[in-house]
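Undergrad: One predicted model, sequence on top.
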Amino acid sequence: MQPFPSHFHEHYVIGFVEKGERVLSCRDREYAIEEGCIVLFNPGDSHACVQSDEGTFDYRGFNISKEVMLDLAHQSVSR
């Protein structure tokens, strides 16, 4: 039930919603996220979210540095 106030990261974040529903605000837009949604935050994207149902919210995410993401993008274009 914990709301996340507006914040940003210095790295990429890729996340997967396993359970629950939230309203996500990112770059002055709102999105409904729910079970099965995948989210991607670019470095510096200001974002926040609040619970939109009474259930449990379960989210898994991982962080990727800018350097690693650029290297992966370069490798995929080079092939």
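TA: That came through, no problem. Residues are numbered from 1 along each chain as shown.

Undergrad: Return the distance of the worst-scoring helix or strand of the chain on mean pLDDT from the chain's centre.
TA: Sorting the helices and strands of the chain by mean pLDDT, DSSP states H and E puts strand 4-7 at the bottom, at a mean of 88. Taking Cα atoms, centre = their mean, to the nearest Å, one finds strand 4-7 lying 12 Å from the centre of the chain it belongs to.

Undergrad: just for the protein, where's the confidence low?
TA: 1, 79 (pLDDT under 70).

Undergrad: all helices of it, in order?
TA: 66-78 (DSSP state H).

Undergrad: ok, the residue nearest to residue 15 when sequence neighbours are not counted - contacts?
TA: Nearest in space to residue 15, with sequence neighbours left out and distances taken as Cβ to Cβ, 6 or more residues apart in numbering, is residue 61 at 3.4 Å. Every residue, glycine included, has its C-beta placed from N, CA and C. Contacts for residue 61 (Cβ atoms under 8 Å, 6 or more residues apart in numbering) come out as 13, 14, 15, 16, 39.

Undergrad: Report how many residues lie close to the residue nearest to the last one when sequence neighbours are not counted.
TA: What it means is residue 39. Using Cβ to Cβ, 6+ apart and skipping the chain neighbours, the partner closest in space to residue 39 is residue 15 (4.6 Å). Around residue 15 there are 17 other residues, counting by other Cβ atoms under 10 Å.

Undergrad: The one 3 residues further on too?
TA: Residues near residue 18, counting by other Cβ under 10 Å, number 13.

Undergrad: same check, this time on residue 38
TA: For residue 38, the count of nearby residues is 10 (other Cβ under 10 Å).

Undergrad: Could you check what's spatially nearest to it, not counting adjacent residues?
TA: residue 16 (5.5 Å).

Undergrad: I'd say that neighbour and residue 62 touch.
TA: No - Residue 16 is beyond contact range of residue 62, at 9.3 Å (criterion: Cβ atoms under 8 Å).

Undergrad: which of the two has more neighbours?
TA: For residue 16 versus residue 62, the count of surrounding residues by other Cβ under 10 Å is larger for residue 16: 14 against 10.
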